[in-house]
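[1] Everything below, folded, please.
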Amino acid sequence: MTVQDIRAFNRFYTNVIGALDYSRQLYAPFTLTESRVLYELAHSPRTDAADLRTELSLDAGYLSRILNKFEENGLIERTASRQDPRRRRVTLTVRGRETAALLAERADESVGALLATVPAAERPRLAEAMRTVRALLSEGRPPRREDVLLREPGPGDLGWIVQRNAALYTAEYGWNADYEGLVARIVADFAEDHDPQERVWIAELDGRPVGCVMCVRDEAPATARLRLLLVEPDARGLGIGDRLVTAVIDFAREVGYRDLVLWTNDILSSARHIYQRHGFVLLAEKPHRSFGKDLVGQDWRLDLHGTRE
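    Okay, here's the model as predicted:
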């Protein structure tokens, strides 16, 4: 293979996906870079300009012009960071979130139309070839936040949720098969009977699932329940837990829930810190004996109307 081979492939692929005419493909007045910034803001609940420059490898002046444009159009708001007043926190407004969601929907439709031109029998070959390219060209490079994709579950993913929950909680906390049974029942209930106000997300990195979360209807009126948040050990530190929780919160608000609740145990400190960052409030604690261990269960609640990221 030569440099020219790679450049020829790049030209071919760029033309196929329409990246040179991105605004026309998505019927939107945004360049490819502007859309990438919107995407990053939509999937990072708390970020600032320095984070964006690092994640997207952008020139500071170029990024500043993009953010100024977004602010003028009412897509973002900038405030002083609580952690470091010298930094400016950037968040999407309601209009900004709606715009990012519309762009994502149109991008999915565009890629779906492209995929429809590939015979179904050939799609596994295409997927494997794409994984091979990513693996070879990222050899030795640590994964980045932007490499993580949140998607709906495909065939086998619900079974993966059961298997990985059981394996990880046994390895990290010594829980017994009772926990696997609980997870299996939760997943089976969703698989057998769920409606449009319930959803599962899979976090994917380099073609493999590395995280998950569920949003299901709770017994209380107008209340959703967050369940089975999990991130694989080798994928932690990429903000996946934050993104999964953000996805649940945004979805629950969008479909009209008033409250979002969850049950966890106090030993799950990393997950608990994520919930606290998103505004969940601890309602009650109670010791219990479950999964072969003495634990302290916790009930948490988020007022979806009173708290905004």
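[2] What's the mean pLDDT across stretch 263-277?
    In this model, stretch 263-277 has an average pLDDT of 94.
[3] Hmm, I typed the wrong one, I wanted stretch 8-21.
    On average, stretch 8-21 scores 74.
[4] before we move on, what about stretch 300-309?
    For stretch 300-309, mean pLDDT is 78.
[5] packing partners for the helix or strand hosting G61?
    Take DSSP states H and E as the rule and G61 turns out to sit in helix 60-72. The contact analysis (3 or more Cβ pairs under 8 Å, 6 or more residues apart in numbering; DSSP states H and E) places helix 60-72 against helix 32-42, helix 49-56, strand 76-80. C-betas here are computed from N, CA, C, even on glycine.
[6] mean pLDDT for those: which is lowest?
    Among the helices and strands packed on helix 60-72, helix 49-56 carries the lowest mean pLDDT, at a mean of 78.
[7] can you pull the alpha-carbon coordinates of that one into CSV?
    Extracted C-alpha coordinates of helix 49-56, given in CSV (Å, rounded to 0.1, in the frame of the first residue of the first chain):
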residue,chain,number,x,y,z
ALA,A,49,-14.0,25.7,25.2
ALA,A,50,-10.7,24.1,26.2
ASP,A,51,-12.4,20.7,26.4
LEU,A,52,-13.8,21.2,22.9
ARG,A,53,-10.5,22.3,21.4
THR,A,54,-8.8,19.2,22.8
GLU,A,55,-11.6,16.7,21.8
LEU,A,56,-12.0,18.0,18.3
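[8] what helices or strands is it leaning on?
    Applying 3+ Cβ pairs under 8 Å, 6+ apart, we find helix 49-56 packed against helix 32-42, helix 60-72, strand 88-92.
[9] Out of these, the one nearest V118 is which?
    The closest of the helices and strands packed on helix 49-56 to V118 is helix 32-42. By Cβ to Cβ, the value is 23.1 Å.
[10] What residues sit buried inside the closest one?
    Buried residues in helix 32-42, counted by 16 or more other Cβ atoms under 10 Å: E34, S35, R36, V37, L38, Y39, E40, L41, A42.
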